[in-house]
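>>> This is the structure alone, sequence omitted:
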């Protein structure tokens with residue numbers, strides 16, 4: 001440092017030397033002040049992606065169970081003959097399912113398929129998906145009479161969100177999952 005007085009130069013060197021020792025390259029590699037922050041930064045994205053996937057999976061399973069319970073409860077109207085004696089329409093049956101499902105579902109998006117069969121071995125379920133799109137035009141509503149075998153299917157398009165790292169529960173176009181609740185029973189004598 002030319003041009004600086006020797007006494008100031010020695011004082012300046014005395015001040016800088018401890019800083020260099022404390023922050024020198026070999027000491028810098030031994031410091032552990034930011035380890036937790038760096039480690040968290042490395043695992044944060046996978047952690048939050050896994051957390052989001054767990055929450056979304058739990059929500060879909062919960063919605064599926066609520067829809068199944070509502071379908072089972074509403075199907076008792078057909079099984080006991082209340083729907084037949086009251087001339088319940090498809091729209092009224094849909095409203096019964098919606099009332100049992102609560103506020104979790106949009107009633108306009110609940111679709112009901114009711115079919116009558118002569119035996120349990122002849123029961124075949126409706127698949128309303130075609131190329132990843134939902135086809136609501138294939139729904140039936142035949143509530144049968146005493147002793148008939150009934151298949152009740154309730155469909156709902158549940159919106160799902162794609163999480164980071166590509167996790168997705170959708171099985172339809174438009175990031176939706178088709179929830180299906182089913183009840184098969186023999187109508188009681190009424």
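Cool, got the structure. On a predicted model such as this, the values are computed, not experimentally measured, just so you know.

>>> what helix or strand is residue 112 on?
In this structure, residue 112 sits in strand 110-117 according to DSSP states H and E.

>>> what pLDDT, on average, does that strand get?
The pLDDT scores in strand 110-117 average 98.

>>> Then stretch 84-95?
96.

>>> Quick one: end-to-end length of it, please.
16 Å (C-alpha to C-alpha, to the nearest Å).

>>> Now do the buried residues in that stretch.
Residues 84, 88, 90, 93, 94, 95 are the ones in stretch 84-95 that count as buried (16 or more other C-beta atoms under 10 Å). C-beta here means a position set from N, CA and C on the backbone, and glycine is covered the same way.

>>> Report the contact partners of residue 178.
By C-beta atoms under 8 Å, 6 or more residues apart in numbering, the contact set of residue 178 is 128, 129, 134, 155, 156, 157, 158, 171, 172.

>>> Return the entry from these with the maximum number of neighbours.
Within the contacts of residue 178, neighbour counts (other C-beta atoms under 10 Å) peak at residue 156, which reaches 25 neighbours.

>>> Would you list the phi and psi of that one?
Backbone geometry at residue 156, expressed as degrees, to the nearest 10, gives phi -150, psi 130.

>>> pretty sure it is touching residue 112, no?
No - applying C-beta atoms under 8 Å as the test, residue 156 and residue 112 come out as separate, 10.3 Å apart.

>>> quick one: low-confidence ranges for the protein?
Applying pLDDT under 70 to the chain flags the ranges 1-2, 12, 15-32, 163-164.

>>> re earlier: go through the contacts of residue 178 and say which is closest to residue 56.
Residue 56 lies nearest to residue 158 out of the contacts of residue 178, by C-beta to C-beta, at 10.2 Å.
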